[in-house]
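Colleague: quick check, what structure comes out for this input:
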Amino acid sequence: MDLMDYKCPNCGGAVRFDPGKQDLVCPYCDTVLSVESLKSMDEQLQHAPEEKEASVGLDYEGKEWQEGEQQGMMVYTCNSCSGEIVGDETLGATSCPFCGNAVVMTATFSGTLRPDMVIPFKRDKKEALAALQRHYVGKKLLPRVFKDRNHLDEVKGVYVPFWLFDVEAYAEIDYRATNVRVWSDSDYNYTETSVYKAFRAGTIGYQRVPVDGSKVIDDTLMESIEPFHFTEAVDFQTAYLAGYFANKYDVEAKQSVSRANDRIKNSTESAFAQTVTGYDTVDAIKTSIQLQSGGICYALLPVWLLSTSWNGGKYTFAMNGQTGKFVGDLPLDKAAYKSWFLKIFGITAAALLLASQIIVTFL
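Modeller: Model (predicted):
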């Protein structure tokens with residue numbers, strides 16, 4: 001498989017896409033190259049040769065691969081230093097571990113696998129690290145030693161493949177709504193429940209509903225860092241990938257339809273329910289939602305992935321590389337949680353006891 005690299009025309013160093021400048025920058029001589037000037041490299045991408053099976057000749061008489069061990073593995077050769085890079089078959093962009101040269105596997109994104117659009121990174125690595133530190137602040141149940149003793153294993157900018165769905169949803173929903181009135185006199189307490197039927201029907205159009213197209217990235221984690229602002233999306237060019245990791249999709253669009261449908265249906269139900277107001281309770285008793293596809297788009301979206309290890313556990317965090325929204329799970333200090341629980345339980349018990357004493361005194 002061919003690799004496309006990006007060289008500085010002045011010093012020959014590897015250039016990388018800079019989120020701040022929104023252009024490619026040489027870290028050695030500070031030369032700036034515009035993304036537009038590298039369109040010719042994308043023309044090479046359009047005519048990339050058909051992918052051929054990689055083969056490596058070895059003089060070492062080692063053990064043969066066991067059946068299935070090589071499945072999904074690919075070997076690439078760096079055009080800069082001739083070093084070999086081993087990755088899986090979905091690897092689209094990376095940097096050479098020997099010379100640091102930013103490279104793009106052109107055949108990975110050629111033909112039908114070429115993305116339609118990309119949202120370039122706007123947040124850099126320093127911002128991702130700062131966001132991680134802020135994420136620790138105010139977490140009272142976080143073990144005190146975690147912040148200082150956890151080991152930062154990896155921080156990497158990744159262009160995650162997404163399928164974007166345009167869908168029109170037509171819904172008809174019946175609701176059971178109630179209003180409750182309570183009063184009392186000297187003899188009795190009264191409760192009156194009025195029951196109403198409400199009906200809503202209409203159409204909602206959805207544009208670019210994202211569904212993660214990578215098996216190795218947690219879907220829930222990716223949905224947690226939404227939204228992405230697609231007004232800033234641009235036509236795909238390989239120059240935006242320089243200096244970052246990028247994978248092609250390994251989940252087909254048709255496999256992502258059900259998740260997109262579930263998201264759209266949930267959003268439609270929520271939007272319609274918000275229009276039924278003025279009641280104490282509202283429950284949907286009959287729902288009919290019909291979806292009509294308006295098209296599918298393949299996009300690469302920017303994500304910073306951070307992983308830490310502590311006390312035998314692994315913790316993964318994600319930051320939206322466009323907006324800076326940061327999410328991730330943290331370990332729980334069990335002793336602090338127990339103390340907090342007992343404290344809350346004690347306050348609640350004391351309040352109930354006080355209330356019962358007041359009632360007894362009143363009677």
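Colleague: roughly how far apart are the closest residue to V327 other than its chain neighbours and T268?
Modeller: Leaving aside its chain neighbours, V327 sits nearest to S224 (4.3 Å; criterion: C-beta to C-beta, 6 or more residues apart in numbering). Yep, even glycine has a C-beta here, placed from its N, CA and C like the rest. According to C-beta to C-beta, to the nearest Å, S224 stands 21 Å off from T268.
Colleague: okay, those two: which has more neighbours?
Modeller: T268 (22 against 14; other C-beta atoms under 10 Å).
Colleague: where along this structure do the helices fall?
Modeller: 39-46, 125-136, 146-149, 219-224, 253-273, 334-362 (DSSP state H).
Colleague: looking at the ones you listed, which has the lowest confidence?
Modeller: Comparing mean pLDDT across the helices of the chain, the weakest is helix 334-362, with a mean of 52.
Colleague: surely Y6 and A14 touch.
Modeller: Yes - at 6.5 Å, Y6 counts as touching A14 under the criterion of C-beta atoms under 8 Å.
Colleague: for Y240, give me its contacts.
Modeller: Counting by C-beta atoms under 8 Å, 6 or more residues apart in numbering, Y240 touches F17, V35, V118, P120, F121, Y159, V234, L300.
Colleague: ranking the residues you listed by neighbours, who comes first?
Modeller: L300 (29 neighbours).
Colleague: just the pLDDT at the closest residue to that one other than its chain neighbours, thanks.
Modeller: Sequence neighbours aside, Y159 is the residue nearest to L300 in space, at 3.9 Å (criterion: C-beta to C-beta, 6+ apart). We have a pLDDT of 90 for Y159.
Colleague: quick one: contacts for Y159?
Modeller: Y159 makes contacts with 92-93, 118, 240-241, 244-247, 300-303, as judged by C-beta under 8 Å, 6+ apart.
Colleague: list the beta-bridge partners for it.
Modeller: A246, P302 (DSSP bridges).
Colleague: for it, give its distance to Y279.
Modeller: Distance from Y159 to Y279, by C-beta to C-beta: 46 Å.
Colleague: isn't V155 right next to K125, touching?
Modeller: Yes - applying C-beta under 8 Å, one finds V155 in contact with K125, separated by 6.0 Å.
Colleague: overlap in contacts of these two?
Modeller: In contact with both V155 and K125: W304, using C-beta under 8 Å, 6+ apart.
Colleague: quick check: bridge partners of N179?
Modeller: In this structure, N179 bridges to S194 when assessed by DSSP bridges.
Colleague: so it sits right up against Y279, yeah?
Modeller: Yes - with contact defined as C-beta under 8 Å, N179 counts as touching Y279 (5.7 Å).
Colleague: those two: which is more packed in?
Modeller: Between N179 and Y279, counted using other C-beta under 10 Å, Y279 has the larger neighbour count: 17 against 13.
Colleague: how about the more buried one: what's its closest non-neighbour residue?
Modeller: Distance criterion C-beta to C-beta, 6+ apart; nearest residue to Y279, sequence neighbours excluded, is A177 at 3.9 Å.
Colleague: what residues are up against that neighbour?
Modeller: Counting by C-beta under 8 Å, 6+ apart, the residues that A177 touches are V195, Y196, K197, A198, V276, Y279, T281, V282, D283.
Colleague: which of these tops the neighbour count?
Modeller: For those, neighbours tallied by other C-beta under 10 Å; top is A198, 19 neighbours.
Colleague: what's the closest non-adjacent residue to it?
Modeller: Y175 (4.1 Å).
Colleague: around that neighbour, count how many other residues there are.
Modeller: Y175 - counted by other C-beta under 10 Å - has 21 other residues nearby.
Colleague: wait, it touches T277, no?
Modeller: No - taking contacts as C-beta under 8 Å, Y175 lies outside contact range of T277: 11.2 Å.
Colleague: which residues does the residue nearest to A198 bridge with?
Modeller: A198, A284.
Colleague: check it and give its pLDDT.
Modeller: 96.
Colleague: which residues does it contact?
Modeller: Y175 neighbours (C-beta under 8 Å, 6+ apart): K197, A198, F199, R200, A273, V276, V282, D283, A284, I285.
Colleague: I'd say the fourth one and A171 touch.
Modeller: Spelled out, it's R200. Yes - between R200 and A171 a contact is recorded at 7.4 Å, counting by C-beta under 8 Å.
Colleague: relative to I173, how far out is A201?
Modeller: On the measure of C-beta to C-beta, A201 and I173 end up 8 Å apart.
Colleague: which of those two has more neighbours?
Modeller: Neighbour totals were compared for A201 and I173, and I173 leads with 21 against 11 (other C-beta under 10 Å).
Colleague: T277 versus the more buried one, what's the distance?
Modeller: Using C-beta to C-beta, we find I173 at a distance of 14 Å from T277.
Colleague: what does S214 give?
Modeller: 40 Å.
Colleague: these two: who's more crowded?
Modeller: Higher neighbour count among S214 and T277: S214, with 18 against 9, using other C-beta under 10 Å.
Colleague: tell me who's in contact with that one.
Modeller: T90, V160, P161, N247, Y249, D250, V251.
Colleague: so where is the stretch 1-150 of the chain shaky, pLDDT-wise?
Modeller: Scanning the stretch 1-150 of the chain for pLDDT under 70 picks out 1-5, 39-77, 79, 81-93, 95-103, 106-113, 139-150.
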